[in-house]
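Q: just the structure for this:
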Amino acid sequence: MKPVQHLLTTSNKSANVPELPFKKGLHNLPLSPKLREKHNAKLIHDRIEPMVLRSPPTGESIVRYALPIPSSKTKDLLPEEAMIRKVIKHLKMVVSTLEETYGHCDENGEEPFVKHEHEELSLSAGDDMNSFLMCCSQFAAQLEETLKEEQNILESLFKWFQLQVNQMEEE
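A: Numbering: from 1, shown residues only. Modelled structure (predicted):
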């Protein structure tokens with residue numbers, strides 16, 4: 001029967017300290033440059049590097065690299081917005097031209113500015129023109145308000161979409 005070899009339970013070395021792959025005497029030996037490079041590369045390779053986790057990217061950085069979703073609707077929205085702006089501008093020009101021609105009437109019914117050459121117009125024609133100008137002004141204001149609402153809706157949809165993308169990435 002073979003004799004059993006007992007391992008010593010106490011040791012001079014700590015269990016957590018990794019054993020170096022080279023001997024202590026190698027420090028003092030002169031090495032050629034090629035051997036030094038290999039030796040340094042081996043030292044760097046053998047070291048235990050801690051793992052560093054980066055923070056997840058923010059929504060802005062994700063959106064920056066996101067591919068655009070092709071849609072026929074998005075191409076139509078920009079020309080519609082430009083067309084609405086042109087209509088508003090044109091209506092304002094029409095209103096100002098008509099006010100210069102037929103006079104301006106306040107909401108109280110007072111006429112601060114009236115051209116004398118058009119005084120022979122009947123009151124009904126002037127009243128009709130003033131009501132037309134008021135309608136045009138109200139229509140221009142409604143168009144501007146609608147444009148602002150549409151912009152707010154598009155911005156809220158964009159924020160919601162970003163939130164959905166961020167939630168999908170977290171999962």
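Q: how about the strand or helix carrying T101: buried residues?
A: Using DSSP states H and E, T101 maps to helix 72-102. With burial defined by 16 or more other Cβ atoms under 10 Å, the residues of helix 72-102 counted as buried are 88, 91, 95, 98-99, 102. Where you see a C-beta, it was placed from the backbone N, CA and C, and this is true even at glycine.
Q: could you point out which element follows it?
A: The element immediately downstream of helix 72-102 (helix or strand, assigned by DSSP H and E) is helix 123-170.
Q: what packs against that following helix?
A: Using 3 or more Cβ pairs under 8 Å, 6 or more residues apart in numbering; DSSP states H and E as the contact test, the elements touching helix 123-170 are helix 59-65, helix 72-102.
Q: compare these and say which comes out lowest on pLDDT.
A: Of all the helices and strands packed on helix 123-170, the minimum mean pLDDT falls on helix 59-65 (a mean of 60).
Q: quick one, what contacts S137?
A: V95 (Cβ atoms under 8 Å, 6 or more residues apart in numbering).
Q: gap between it and E99?
A: Using Cβ to Cβ, to the nearest Å, we find S137 at a distance of 10 Å from E99.
Q: now the chain, which segments are flagged as low pLDDT?
A: 1-78, 104-126 (pLDDT under 70).
Q: for the spatially closest residue to L91 that is not a sequence neighbour, what are its contacts?
A: The spatial neighbour of L91 that comes closest, neighbours along the chain excluded (Cβ to Cβ, 6 or more residues apart in numbering), is A140 at 4.4 Å. Taking Cβ under 8 Å, 6+ apart, we find A140 in contact with 88, 91-92, 95.
Q: A140 and M93, how far apart?
A: Using Cβ to Cβ, one gets 10 Å for the distance from A140 to M93.
Q: do L133 as well
A: Plainly put, L133 is 12 Å away from M93 if you go by Cβ to Cβ.
Q: now swap in E150 and tell me
A: As defined by Cβ to Cβ, E150 lies at a distance of 23 Å from M93.
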